[in-house]
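1. Below are the sequence and a predicted model for it; my questions follow.
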Amino acid sequence: KAIELDPGYGLAYAGLAEAESLVADAFNDIKGQESAMADAQRAVALAPELADAYGVRGHLRHVHFWDWIGAQADFEKAVALNGRDPVIQTHYASLLATLGRLPAAVAEARNAIGIDPLSELASRRLGQFLYCEGQFATARRVLSRALALSPESIYSRWHLGVLELLDGHAQQALDLFLQDKDPVFHLNGVAMAEHSLGHLEEARAAIDQLIRTNAVQAADYQIAQVYAWRGEKDAAFAWLDRAWSE
């Protein structure tokens, strides 16, 4: 509607690109992501001094188009234009983690929390980066705070469960995964935790149900994750190949 009122309004195109990408991601829609990128490009062209435009394009380049060099350039430009946007800082932190620069990712996520202490996204990402570094105690505090900020967050609860698995607390992990309302993340976590607890029948039932769920809701990657956790490398790579091709 904003674009109808002003076809030259760059911020509206940046918002449209973000919304289109979220919808496309939910439905595994490649063309939808391409449409989102076209609108992000238009936002940059119409408003070359708008941080949001570069932030959205950088996020799309990173997550959906795997253009990490282009994404880094976009995020650096966005931060230079506006170093006080917690979402841009958090997405930049995620790119740094993808590039293997975990200490820098932790620093950027902390910056985002400094800007907005109530950001569940920033706290969740920081917790994820910390447990990837093996800082389990600090990660647990951060992820618990993220979940307190957004008690219905599927992702904060799942990451907290993964942390407990990595730290050898499979029962605590299972208790968290059982609360997840999203069927993919619920079954993914339950399958891993039950395996770690030695409940092989329950673990097999969970992975079988996750595979059936995959017919409706894309879960190739989450299925691969379960097989990797179980040490079944061939099955993990088979499902990763499927995820890659899709």
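-> Cool, the structure landed. Numbering: from 1, shown residues only.

2. gap between A2 and G8?
-> From A2 across to G8, the span is 11 Å (Cβ to Cβ, to the nearest Å). (Each C-beta comes from the backbone N, C-alpha and C, glycine too.)

3. Measure how buried the residue nearest to A2 when sequence neighbours are not counted is and give me the count.
-> Of all residues not flanking A2 in the chain, A12 sits nearest, at 3.9 Å (Cβ to Cβ, 6 or more residues apart in numbering). Other residues lying near A12 total 21 when counted by other Cβ atoms under 10 Å.

4. just the one 3 residues further on next, same as before
-> By other Cβ under 10 Å, 17 other residues sit near G15.

5. excluding its backbone neighbours, what's nearest E133?
-> Excluding the flanking residues, the one nearest E133 by Cβ to Cβ, 6+ apart is L102, at 5.4 Å.

6. ok, now which ones touch D182?
-> I154 (Cβ atoms under 8 Å, 6 or more residues apart in numbering).

7. Look up phi and psi at it.
-> D182 adopts backbone torsions of phi -80, psi 120, taken as degrees, to the nearest 10.

8. which residues in the protein form strands?
-> Secondary structure of the chain (DSSP state E): no strands located.

9. show me where pLDDT drops low in it?
-> For the chain, no stretch is flagged by pLDDT under 70.

10. circling back: surely the residue nearest to E133 meets Y131?
-> No: the pair L102 and Y131 does not pass the contact test of Cβ atoms under 8 Å, sitting 10.6 Å apart.

11. Neighbour count: these two, which is higher?
-> With neighbours defined as other Cβ under 10 Å, L102 and Y131 compare such that Y131 has more, 24 against 16.

12. quick one on the thing from earlier: right, and the residue nearest to A2 touches E4 too?
-> No: here A12 does not reach E4: they are 9.3 Å apart, not a contact under Cβ under 8 Å.

13. Which residues are in contact with the residue nearest to A2?
-> 2-3, 6.

14. Scan these and report the most crowded one.
-> Going by other Cβ under 10 Å, I3 tops these with 14 neighbours.

15. how far away is the nearest residue to that one once chain neighbours are set aside from L126?
-> Closest residue to I3 apart from its sequence neighbours, by Cβ to Cβ, 6+ apart: A12 at 4.9 Å. With distances taken as Cβ to Cβ, A12 is found 31 Å from L126.

16. cool, and W229?
-> Going from W229 to L126 by Cβ to Cβ gives 23 Å.

17. Please say which of these two ends up with more neighbours.
-> The neighbour comparison of W229 against L126 (other Cβ under 10 Å) goes to L126, with 28 against 19.

18. got a list of what the spatially closest residue to that one that is not a sequence neighbour touches?
-> Spatial nearest neighbour of L126, chain neighbours left out: A109 (3.8 Å); criterion: Cβ to Cβ, 6+ apart. Residues in contact with A109 (Cβ under 8 Å, 6+ apart) are 89-90, 93, 122, 125-126, 129.

19. contacting residues around E152?
-> K181.

20. How about G161, nearest residue that isn't a chain neighbour?
-> Once flanking residues are discounted, G161 sits nearest to L176: 3.9 Å by Cβ to Cβ, 6+ apart.

21. Show me which of the contacts of A109 is closest to D234.
-> F129 (29.8 Å; Cβ to Cβ).

22. quick one on the thing from earlier: distance-wise, check the residue nearest to L126 relative to F75.
-> For A109, the distance to F75 - Cβ to Cβ - is 13 Å.

23. That'll do, ta.
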